[in-house]
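# no sequence on this one, just coordinates:
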């Protein structure tokens, strides 16, 4: 499951080593990240505060439908 989070500047400085080590995530603007659930747990264990913006489930693709195409 992918999770979208936003960090403050201070928390981002603390979170970067964890994010680089635990998640092949994506960096968006305004200190927003798309990361794996495992990285979220690591941030929580390190007492790093963030705002969760949303979650995306890993949904199976319908047979015969190319990835990224609407059904």
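Thanks, I have the structure now. In this text, all values refer to a predicted model and were calculated from it rather than measured experimentally. Numbers count the residues shown, from 1 in each chain.
# Which helix or which strand is home to the spatially closest residue to residue 52 that is not a sequence neighbour?
Of all residues not flanking residue 52 in the chain, residue 5 sits nearest, at 5.6 Å (C-beta to C-beta, 6 or more residues apart in numbering). Glycine gets a C-beta too; all of them are placed from N, C-alpha and C. Secondary-structure element containing residue 5, defined by DSSP states H and E: strand 2-6.
# for residue 53, what are its contacts?
The contact partners of residue 53, by C-beta atoms under 8 Å, 6 or more residues apart in numbering, come to 4, 5, 6, 32.
# I'd like the mean pLDDT over stretch 41-57, please.
In this model, stretch 41-57 has a mean pLDDT of 93.
# gap between the two ends of that stretch?
End-to-end span of stretch 41-57 (C-alpha to C-alpha, to the nearest Å): 16 Å.
# Going by neighbour count, list what's buried in it.
For stretch 41-57, a neighbour-count test (16 or more other C-beta atoms under 10 Å) marks 42, 43, 48, 50 as buried.
# Spell out which residues sit in contact with the second one, please.
So the one you mean is residue 43. Residue 43 is in contact with 5, 15, 18, 19, 50, counting by C-beta under 8 Å, 6+ apart.
# again with residue 18
Contacts of residue 18 by C-beta under 8 Å, 6+ apart are 39, 42, 43, 46, 48.
# Which element, helix or strand, includes the second one?
For residue 42, the enclosing helix or strand under DSSP H and E is helix 37-45.
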